[in-house]
Every structure is written in C-alpha cells, then in structure tokens.
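A.B. asks: Got a predicted structure plus its sequence, pasted below:
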Protein chains: 2
Amino acid sequence: MDAGDGLRMAAERPNSRATMKDVARVAGVGVGTVSRVVNGKSNVSEESVAAVNAAIERLGFRRNDGARMLRTGATASIGLLVEDVADPFFSLLNRSVEEEVLRRDSVLLTASSDKDPERARKMILTFCARRVDGLVITLPEGGDEEYLRAELDAGTSMVFVDRPPRVLDVDAVIVDNRGGARTGVAHLIGYGHRRIACFTDRPDLYTASERISGYRDALEEAGIPFDPELVYSSATTREPVDEPLGRMLASDDPPTAVFAGNNRTSINVISALRIHKTSLAIVGFDDFELADVVVPGITVVAQDPKAMGRIAMGMLYKRLDGNVSPSQTIRLPTRLIVRGSGELSRDAVLAAR
Amino acid sequence: MDAGDGLRMAAERPNSRATMKDVARVAGVGVGTVSRVVNGKSNVSEESVAAVNAAIERLGFRRNDGARMLRTGATASIGLLVEDVADPFFSLLNRSVEEEVLRRDSVLLTASSDKDPERARKMILTFCARRVDGLVITLPEGGDEEYLRAELDAGTSMVFVDRPPRVLDVDAVIVDNRGGARTGVAHLIGYGHRRIACFTDRPDLYTASERISGYRDALEEAGIPFDPELVYSSATTREPVDEPLGRMLASDDPPTAVFAGNNRTSINVISALRIHKTSLAIVGFDDFELADVVVPGITVVAQDPKAMGRIAMGMLYKRLDGNVSPSQTIRLPTRLIVRGSGELSRDAVLAAR
DNA sequence: ACAGTGCGTGGAAACGTTTCCACGCGGCCG
DNA sequence: CGGCCGCGTGGAAACGTTTCCACGCACTGT
C-alpha cells in the first residue's frame, strides 16, 4: 500500500471524509500510530509523526468526534435548557454558560422551553439521548419532574438554574427573589410610600410568587397593611397594564409607588403611567438595558445572570469530576441600583397631583 | 438467557446505561428486533413489540444517538456561530434558528465568536469534528475564510448570515444595510435636515461600512455635500459619544439630526444629547426594546432577525436535501418604524436653540 | 405434493475511533 | 553471551447502533 493508493481511495468516496485508516495507508503506518499522533501521545518516532501529519494535511483529515465519544464514553458536551434564549436574562445566562463550557473544550447544546413542560421534556430527553455530560436546566412550571430521575440515576449530572427543584435531589442556583423584592419595596417605603402597587407575572411562576412574598415581607416589616387591590398579576408579560393601573389610580386611596416584578412589566408600567399622564415612584425587579436612558432612570433590583451561569457550571463540573457531597441550592444576592425612579418621594408624588 | 439474567447484567454496571443488547436479553429477542421496535419499523410481531417495550421500560433504556449517528452518518445537528448569543439581534436570530432546527428534530450547537476570528475558527472546526449536518455562520471580520473551504469540500453545508462571504461560494442572507440607511437618512432629509451627523461602529465592519455608504447615498441624492466632520466611527459600541458629539455641536454649522448606525450607538447618542441638554432629530439603525418607551420614541430602521434565521435555515435544509443550484445571497429589506424622534423638523430643532 | 412467497426473526458486519496486547529490535547488565 | 527491558509499532477488540443477509416457517397456487 503506497501513498498513491491511499489518495485514490479517498477520492473514490467523494462526499465522505478521510478516516484514520486512509491516513494510515497514505502515511504507511498503522491506525494505532495515527491515533497516537492525532492525540499527541509521546511515544511515537519523529518520522512517523511527520508522515502522519503530512497525510492528514493532504487528505484534509479531521477526527470524527462522534466515533471517539462512542469509544471513550465522554461526549464533552453540555445541554442548556432555558425559557427563551432570546430573553435578555437567559441570553446572558446562556453566554456565561458558554464561556465555562469553552474553557473545558466542550460544546454547548441549547434549547428554549418556551415555558412548555412538554417541549422541555422532549429537549431534555433528546440531550440525554445525545449523552451530554451534564445539563443546565430551567424547568418550566407545571410539568412533572419525575422523568428526570431516570436520567439522574443513569448518571447524567444536572443543575437547576433560576428555579429550585421541587422533589429532585439536585444542585441549583437561584436568585434571592424574596429578599430582593423585600429590599426594593423597603426602599420605596423609605421614601415615605405606604400605598405601593405590585405588578407581577402569573403567580404560579416560582419567581413571581417569591417576589410577591418579598413585597409582603417589606410591608409587614413596616406595619403597612397588605391590600390585595394593589396587586396585579398579569397572564403574560406582554399584556399592557394601563387598565388595571387606571383602576388603582381611580380608587379612594391610590398608590404613590409601584413595584414591578420583572423587567418587561417595568416597561409596561412605564408605558401605562405615560398613558395616564402621572408619575409614581417605581422600583423594578431585574435590570434592563436603557433603564438609565429613560427619565428618570429606573431604579431596579438587579440580578446577575452571568454569575448564575458561572456558578452553575462550577457546580456541574465538580459533579462531573466526581464530587458526591449532598446537593445544595445556592441563593444569589441581588443588588439595588438607584437611578431616580425609586427615589421620588411620596410627598413629591402627591404634590404633583 | 432469561430476564433475570439481563437485569443482573445491567445492575452490574451501575453508572452505565442499558444497551440494546441488554434489552434484547431481557426481552428474549435479538438486537435486530429491538432496533426495529425502537425505530417503529412495521414488520415486528405484536408479542415482540410488547416484550421489547416492557424491557425498555424496565431497564430505562434510551437509544444512544451518538452510536446511531456513527452508523447512519447523519448527526441531526446544526451548528450556529454568531457574534454574541447575548446580543439582542443575535439572540433573536438564535431563537428563530432553533425553531427551524426543532421542526426537523435536530439539535442546535451554539457558540459566540466575540468578534475573534481565531475563536470563530476553533468553534467551527469543533462543530465540523462533531460532524454537524450544517452550519449557520456570522464570520467575524479580519479572519481568513479559506479554512472553511476544506470543510465545504468535505461536504458540510453552510449559510452565512448578516455578512456575505468574501471569496467562498456559499449561500448567505443579509440585511439591506445600505438601502436601509439610505431610507433612514432620507427620512431625516424629508424633515428639512441638511446637516446630519452619522455615528457608527468601526468602519472595517461590513455592516458599518454599508450603512455609511447608505448615508452618503441619501445625501448625494438630495444634493447635500458630504462632510467627514459629521461622521464618527467609534472603536467599540460601548464607548460614549458625548465628546465627539460635543465637538460637532460646537462647530460653525452644527448638525440638526443624527443617524445612529446601530442600536447601542443610538442609546449612546441619546445619553450624549442628554448630557449636552439639546435635542436633535434621531433615526437609528436596528430596533430595540424600549425604543418606544423613551420620549420621544426613537424612529428606527428595523431589521428582522427572526426572518433572517428562518430563511437561512430554509436555504440550508434545501442544500441538505440535495439542492445543488448556484449559491445565492438574499438581501432582506428593512422597515422604517416612525416613533417621533425622526420627525423632529429642522425648524423645530433650530427654534429650540 | 412441491416450489414459490412473504413475514418475522437472529446474527454478523460495519461505522471511526481508542485502547490494549503482543511483537520485533536494539542496548544494557549480569 | 543470554536474558531483560523499553520503545515504537501494528493490529484486533470494543463502544452501541443500523442494516443486510439468510433462515425457518406458514401459506398459497399450481
């Protein structure tokens, strides 16, 4: 078998890539030697290395990682499931997970659940069928968690992000939603407000219900009675809120401030206020680009999606490296960013009426 | 070999998943039959189907797609490389590509080049080593395109997005940057403006240079002389622009309008105008959330990243299905969204001075 | 009765790697 | 001078699928 033979052989299968066998033939060595060269093993003679590299160059050989994984069992890939990769929060999370994955020379599979438990399930099982080394999951509400147990038992590591597991014994990294909301609302109370409206997502969402709890915590701490009339949970975050806000403003004892439970709702509230030509103090949960471009800048309780991704990947890789300590849930602190909208005092709001 | 035997066998390798062989043993059939059942082939007796399904259930078997692909050659996976998955534009593109990938029951590998040609190269080659069926690529400027040719020749289909190929013969879908910029600037001219500043990205970026060309086209059409003093290309999009804007405003013949070449620059311009306590007419390229929340709302030349992803995937799958027609570049139209900032007339701006 | 047909089936080969084992060969030490 | 070591090497087995081939069996039509 000489070099010409090998070349001809590769040419005979036009749309198929050269394999180690082809390379071996062209280089005049065995496949074992090719494998050793490709993987940079030391015990190969210089001539062999040169011959193999020349053949690789000539044939445009590229190792088939799929085959490699079948043999070695490690796929060097991580699956990420979030609600929506186009959401500002999750896209930052995505990016920071990617950064960690890259550091380990792995590859990242991504998918959006779109809040659909069935879609989430399908994607996760697909990832498992691909035998990813680990999973980073934001599990949508309302689905069954149980099917994950089988994958867990089969040895697939996973970390939950943004939401804690309900029954599964897995690591998680979440945001201190309750504490953050409490801080934000307390900030408003500090400026004299006692009638504070609360606009959030559907309350069956974990994050939304936690933030509502934090809102109530702050009220309670200040001895302010909770008024359900001041709480509005929209079905979707795209839904405008000018109608419910208008109702509150028209009441006997209208709010002088608003706590918005997520960034899209913050925007909806701003639009609604503009429609009603009023200004109230606002604190929003979750920072957003341009929060400092509107006037006044929007004071927010900021989360740190990048840290969430980084920490989640740290936990995951520890598991992959064999850590078997009991699972833990890490609660990330939030940060209040003061920009003006939250520092409008009760007196100033009332004076403008 | 009875069922108990198979179970014991699976249990003996605790952290390893059951294989078709295990299933076959437990079900008392051959691996061929298991494969047929798993793949829903028709010519299997009902008893066999039942037995196999029972065994699958019992062992928690899940087909190893990696092995399957090695055999079949199709990996049912697509690689996506963009500049940054956390960028609003690219994250929407990402999502729409994901949607198409999902429809074909494939899986999506994603990566951010971070504008680094070397990083891009590494990720693309990694994807190729994984033998993705196809690639969707936003290639960073300044790198060599040549290494892609080998992959192309080896049979990996690819589509370029957001930027056309320089030398390679591949499909692409891009935005009509030049025409869109022309339209936006013409819109300003329509409101009487003749001194229009232009803030963009680094001009060595394809999109930025195209938009500058469009800006010049509009001026030329209206017989307005081009003044390089009114053009500022920032090194990075995070860089504030209050200093260069200040210089322009202090000149003998200051601008009365601004064309901002991308959404982050639009924001920078808004901030800078606020610092200088002036208002000019503004038209920005690329829409952004909240463009309608600031006052006045920002008039923009909108792109459609979702369409870009959808169309790119359509082209890619056509290639995968065997289409060998000459490669083409599709240029997506832009859409002017009128919100107020672009309709501030020259007279109004001058009157406020 | 007998070839032909079709269906359900089991098993082996193949996909492209990695890994392990064994071999040949030179040099070193006893 | 003979055994031993170690190095570079080739080749076979294995990873978990799919696919193909061949077999046995029950029909069918002549």
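C.D. replies: Ah, there it is.
A.B. asks: what about residue A:123, helix or strand, and which?
C.D. replies: If you go by DSSP states H and E, residue A:123 is part of helix A:117-129.
A.B. asks: who does that helix touch, helix- and strand-wise?
C.D. replies: Applying 3 or more C-beta pairs under 8 Å, 6 or more residues apart in numbering or on different chains; DSSP states H and E, one finds that helix A:117-129 contacts strand A:77-82, strand A:107-112, strand A:134-137, helix A:147-153. In short, each C-beta sits where N, CA and C put it, glycine included.
A.B. asks: rerun at 10 Å
C.D. replies: Contacts defined by 3 or more C-beta pairs under 10 Å, 6 or more residues apart in numbering or on different chains; DSSP states H and E place helix A:117-129 against strand A:77-82, strand A:107-112, strand A:134-137, helix A:147-153, strand A:157-161, helix B:65-72, helix B:88-103, strand B:107-112.
A.B. asks: in its sheet, what does the shortest one sit against?
C.D. replies: Right, strand A:134-137. Within its sheet, strand A:134-137 is paired with strand A:77-82 (parallel), strand A:157-161 (parallel), according to DSSP bridges.
A.B. asks: Compute the inter-axis angle for the shortest one and helix A:88-103.
C.D. replies: Orientation note: strand A:157-161 sits at an angle of 150 degrees relative to helix A:88-103 (axes from the mean of the first three to the mean of the last three C-alpha atoms, to 10 degrees).
A.B. asks: so which of the helices and strands packed on helix A:117-129 gets nearest DNA strand D?
C.D. replies: helix B:65-72 (3.5 Å; C-beta to the nearest atom of the strand).
A.B. asks: got the contact list for that closest one?
C.D. replies: Residues from elsewhere that reach helix B:65-72, judged by C-beta atoms under 10 Å, 6 or more residues apart in numbering or on different chains: A:64-71, A:73, A:75, A:77, A:126-131, B:19-20, B:35, B:38-39, B:64, B:74-77, B:107, B:130-131, B:133.
A.B. asks: DNA strand C: which of the strands paired with strand A:134-137 is closest?
C.D. replies: Closest to DNA strand C of those, according to C-beta to the nearest atom of the strand: strand A:77-82, at 15.5 Å.
A.B. asks: can I get the CA coordinates of that closest one in PDB?
C.D. replies: What follows is strand A:77-82, C-alpha atoms only, in PDB (Å, rounded to 0.1, in the frame of the first residue of the first chain):
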ATOM      1  CA  SER A  77     -20.900  18.400  25.600                       C
ATOM      2  CA  ILE A  78     -23.300  20.200  27.900                       C
ATOM      3  CA  GLY A  79     -27.000  20.800  27.400                       C
ATOM      4  CA  LEU A  80     -28.700  24.000  28.300                       C
ATOM      5  CA  LEU A  81     -32.400  24.400  28.600                       C
ATOM      6  CA  VAL A  82     -33.800  27.900  29.300                       C
END
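A.B. asks: Which positions within it qualify as buried?
C.D. replies: If you call a residue buried by 16 or more other C-beta atoms under 10 Å in any protein chain shown, then strand A:77-82 has these buried ones: A:77, A:78, A:79, A:80, A:81, A:82.
A.B. asks: ok now it, how far from the chain's centre?
C.D. replies: Relative to its chain's centre, strand A:77-82 lies at 9 Å (C-alpha atoms, centre = their mean, to the nearest Å).
A.B. asks: hmm, back to that, same list, the helices and strands packed on helix A:117-129, but as JSON lines with distance to residue B:264 please.
C.D. replies: What follows is the helices and strands packed on helix A:117-129, written out as JSON lines (distance: least, C-beta to C-beta, whole Å):
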{"stretch": "strand A:77-82", "distance to residue B:264": "23"}
{"stretch": "strand A:107-112", "distance to residue B:264": "24"}
{"stretch": "strand A:134-137", "distance to residue B:264": "28"}
{"stretch": "helix A:147-153", "distance to residue B:264": "39"}
{"stretch": "strand A:157-161", "distance to residue B:264": "27"}
{"stretch": "helix B:65-72", "distance to residue B:264": "40"}
{"stretch": "helix B:88-103", "distance to residue B:264": "9"}
{"stretch": "strand B:107-112", "distance to residue B:264": "16"}
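A.B. asks: Which one of the strands paired with strand A:134-137 lies nearest to residue B:252?
C.D. replies: With C-beta to C-beta, the closest approach to residue B:252 among these belongs to strand A:77-82: 53.0 Å.
A.B. asks: Wait, residue A:48 touches residue A:23, no?
C.D. replies: No. The pair residue A:48 and residue A:23 does not pass the contact test of C-beta atoms under 10 Å, sitting 11.5 Å apart.
A.B. asks: anything in contact with each of the two?
C.D. replies: Common contacts of residue A:48 and residue A:23 (C-beta under 10 Å, 6+ apart): A:29, A:33, A:34, A:37.
A.B. asks: Give me the buried positions along the helix or strand in which the second one is found.
C.D. replies: This points to residue A:33. Taking DSSP H and E as the definition, residue A:33 sits inside helix A:31-38. Across helix A:31-38, burial judged by 16+ other C-beta under 10 Å covers A:33, A:34, A:35, A:36, A:37, A:38.
A.B. asks: swap in stretch A:246-259?
C.D. replies: A:248, A:249, A:254, A:255, A:256, A:257, A:258, A:259.
A.B. asks: Could you pull up the residues touching the first one?
C.D. replies: When the contact criterion is C-beta under 10 Å, 6+ apart, the partners of residue A:248 are A:195, A:197, A:199, A:227, A:229-232, A:241, A:254-255, A:258, A:276, A:280.
A.B. asks: from those residues, which single one is nearest residue B:342?
C.D. replies: Taking C-beta to C-beta as the measure, residue B:342 sits nearest to residue A:276 out of the contacts of residue A:248, at 26.2 Å.
A.B. asks: what's the neighbour count on the closest one?
C.D. replies: Residue A:276 has 15 neighbouring residues, counting by other C-beta atoms under 10 Å in any protein chain shown.
A.B. asks: Model confidence at it, what's the number?
C.D. replies: Per-residue pLDDT puts residue A:276 at 93.
A.B. asks: shouldn't it be in contact with residue A:245?
C.D. replies: Yes. The pair residue A:276 / residue A:245 is scored as a contact, 6.6 Å apart, by C-beta under 10 Å.
A.B. asks: just to revisit the earlier point, next step: the contacts of residue A:248 restricted to strands.
C.D. replies: A:197, A:199, A:231, A:232, A:258 (DSSP state E).
A.B. asks: now, the most widely separated pair of those residues?
C.D. replies: Taking C-beta to C-beta as the measure, the ones in strands among the contacts of residue A:248 span a maximum distance of 11.1 Å, between A:231 and A:258.
A.B. asks: joint contacts of these two?
C.D. replies: Common contacts of residue A:231 and residue A:258 (C-beta under 10 Å, 6+ apart): A:196, A:197, A:198, A:199, A:248.
A.B. asks: Now do the SS call for residue A:347.
C.D. replies: Three-state call for residue A:347 (DSSP: H, G, I helix; E, B strand; the rest coil): helix.
A.B. asks: Let me see the contact set for it.
C.D. replies: Residue A:347 neighbours (C-beta under 10 Å, 6+ apart): A:191, A:192, A:193, A:256.
A.B. asks: What about those, which one has the most neighbours?
C.D. replies: Going by other C-beta under 10 Å, residue A:193 tops the contacts of residue A:347 with 27 neighbours.
A.B. asks: in the sheet, who's paired with the closest residue in space to that one that isn't next to it in sequence?
C.D. replies: Once flanking residues are discounted, residue A:193 sits nearest to residue A:257: 4.0 Å by C-beta to C-beta, 6 or more residues apart in numbering or on different chains. Counting by DSSP bridges, residue A:257 is bridged to residue A:196, residue A:281.
A.B. asks: isn't residue A:257 right next to residue A:196, touching?
C.D. replies: Yes. Counting by C-beta under 10 Å, residue A:257 does reach residue A:196; the two are 4.6 Å apart.
A.B. asks: Could you give me the buried positions within stretch A:160-172?
C.D. replies: Under 16+ other C-beta under 10 Å, the buried positions of stretch A:160-172 are A:160, A:161, A:162, A:163, A:164, A:165, A:168, A:170, A:171, A:172.
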